[in-house]
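S.K.: Next input, structure requested:
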Amino acid sequence: MAKLNCSASATASSAYVSATLIKSAIVRLPATGRTCRSIVSGVMALAVRHGAVPANPTRELERLSVQPRRVPRALSEAERARWFQALMGDQAALRQDLFDLSAFLLATGLRIGEALALLWRDVDLDMGVLHVTSTLIRVTGEGLMRKPTKSQRASGSCSSRSGA
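M.R.: The predicted structure follows:
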């Protein structure tokens, strides 16, 4: 590949543009910010390798921290009651066992993908324990698939007994 020529002002400008672009994307869309930083970092690393810029400015940015847009909250007792009343009055919801699924999700705190991926071998009724080892995902062109949980921390047990 040919070596690119780059002036000092272009180098300073690229560092400013990279940092500004990434920081503005982080504020609006955290996942987009991480993707943007990754892409810009890769491009800038290539520019460094080919001598177009002396250093990769994205390496100077602080680690991206993500704050949720809204803090998750539990349903109030009144909201839970209205939810279950709505499910009981909907024949399609009852046929699809949404009442039971909703009660299970609220009682265990599992994510929906984790709950739907449970197998009977993951359930110990005598001990009142669920072993959460996988989640259910939809893969385009393939359908639903079970895959291991995202992290060791997420993989674990859920107990219905206090102190267990």
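S.K.: domain assignment for the chain?
M.R.: Here the chain is described, according to automatic domain parsing, as comprising the domains 9-60, 73-109, 111-158.
S.K.: ranking these by burial, who's on top?
M.R.: domain 9-60 (a mean of 15; mean count of other CB atoms under 10 Å). For every residue, glycine as well, the C-beta is placed using N, CA and C.
S.K.: Output the domains of the chain in TSV; the columns should cover mean pLDDT.
M.R.: Listed next are the domains of the chain as TSV, based on pLDDT from 0 to 100:
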stretch	mean pLDDT
domain 9-60	71
domain 73-109	93
domain 111-158	85
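S.K.: Give the helix, strand or coil label for the residue lying closest to Leu101 once chain neighbours are set aside.
M.R.: Of all residues not flanking Leu101 in the chain, Ala115 sits nearest, at 7.0 Å (CB to CB, 6 or more residues apart in numbering). Put simply, Ala115 is helix when judged by DSSP: H, G, I helix; E, B strand; the rest coil.
S.K.: What distance do you get for Ala115 to Leu130?
M.R.: 9 Å (CB to CB, to the nearest Å).
S.K.: ditto for Leu110
M.R.: With CB to CB as the criterion, Leu110 and Leu130 are 8 Å apart.
S.K.: for Phe104, same thing?
M.R.: Per CB to CB, Phe104 is found 10 Å from Leu130.
S.K.: list residues touching both of these two?
M.R.: Leu110 (CB atoms under 8 Å, 6 or more residues apart in numbering).
S.K.: Which residue ranges of the chain form helices?
M.R.: Applying DSSP state H to the chain gives helices spanning 8-28, 30-49, 77-88, 91-95, 98-108, 112-117.
S.K.: that older thread, common neighbours of Ala115 and Leu130, please.
M.R.: Thr108.
S.K.: Let me see the contact set for Thr140.
M.R.: Here Thr140 is in contact with no residue (CB under 8 Å, 6+ apart).
S.K.: where's Leu101 relative to Leu61, distance?
M.R.: 42 Å.
S.K.: try Ala47
M.R.: 16 Å.
S.K.: can you check Arg73 too?
M.R.: 32 Å.
S.K.: can you check Thr35 too?
M.R.: 14 Å.
S.K.: swap in Val53?
M.R.: For Val53, the distance to Leu61 - CB to CB - is 15 Å.
S.K.: swap in Gly141?
M.R.: For Gly141 relative to Leu61 (CB to CB), the value is 37 Å.
S.K.: Next: Ser41.
M.R.: Applying CB to CB to Ser41 and Leu61 gives a distance of 9 Å.
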